[in-house]
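Participant: Sequence first, predicted model second:
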Amino acid sequence: MKVQAKVFLPGDVARALDEAARRMRRSKSEIMVAALAAYLSPDGAEASEGAITRRLDRMSREIERLERDVTISNEAVALFVRTWLRNAPSMSSADDQAAADTGRERYARFIETLARRISTGKLLRQEISADYPDGV
């Protein structure tokens with residue numbers, strides 16, 4: 001047996017409930033029943049708090065790995081550009097068109113190699129982790 005209840009929600013909560021119902025393709029009543037059941041459950045608060053803590057810990061570790069990977073990528077690109085700028089010879093204006101053509105060809109090969117490497121799953125960060133197991 002279901003009992004109708006009248007509930008007053010702040011506007012932002014009502015909009016969030018509407019959006020969640022659309023996104024999850026569930027009725028607002030189903031969402032409210034599940035939320036109330038979890039809230040009123042004697043161990044629901046601790047269980048959900050523990051789940052949230054575990055999720056936040058996992059997300060923190062993922063963010064730390066992402067930060068490390070971005071730092072490695074930035075340093076690798078910076079070292080490459082510095083080396084390239086230091087060693088690339090200056091060209092005369094007559095060589096500009098030939099250099100542009102060569103540059104386009106090299107860039108196309110670079111993109112192909114990058115796409116192939118990413119699609120195989122063989123990533124630089126894994127090579128670095130294998131070469132330096134204690135960290136970088």
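Facilitator: Yep, it's here. Numbering: from 1, shown residues only.

Participant: Is the residue positioned nearest the centre of the chain in a helix, a strand, or coil?
Facilitator: Centroid-nearest residue in the chain: Leu66, 7.7 Å away (criterion: Cα atoms, centre = their mean). Three-state assignment for Leu66 (DSSP: H, G, I helix; E, B strand; the rest coil): helix.

Participant: tell me what the helix or strand of the chain with the lowest mean pLDDT is packed against?
Facilitator: The helix or strand of the chain with the lowest confidence, counting by mean pLDDT, DSSP states H and E, is helix 124-131 at a mean of 71. Counting contacts by 3 or more Cβ pairs under 8 Å, 6 or more residues apart in numbering; DSSP states H and E, helix 124-131 is packed against helix 44-87. Every residue, glycine included, has its C-beta placed from N, CA and C.

Participant: Tell me the gap between the next helix or strand after the helix it packs on and the middle of its chain.
Facilitator: Tracing the chain past helix 44-87, the next element assigned as helix or strand by DSSP states H and E is helix 96-120. Taking Cα atoms, centre = their mean, to the nearest Å, one finds the center of helix 96-120 at 26 Å from the center of the full chain.

Participant: okay, the angle between helix 96-120 and helix 124-131?
Facilitator: Going by axes from the mean of the first three to the mean of the last three Cα atoms, to 10 degrees, helix 96-120 is angled at 70 degrees with respect to helix 124-131.

Participant: pLDDT averaged over helix 96-120, what's the number?
Facilitator: Here helix 96-120 scores 84 as its mean pLDDT.

Participant: buried set for that helix?
Facilitator: Buried residues in helix 96-120, counting neighbours by 16 or more other Cβ atoms under 10 Å, are absent.

Participant: Show the secondary-structure elements that that helix is packed against.
Facilitator: Counting by 3+ Cβ pairs under 8 Å, 6+ apart, helix 96-120 packs on no helix or strand.

Participant: Please enumerate residues in contact with that helix?
Facilitator: Helix 96-120 is contacted by residues 91, 123 when judged by Cβ atoms under 8 Å, 6 or more residues apart in numbering.

Participant: where are the low-confidence patches of this protein?
Facilitator: 42-48, 125, 133-136 (pLDDT under 70).

Participant: check contacts around Met32.
Facilitator: 7, 17.
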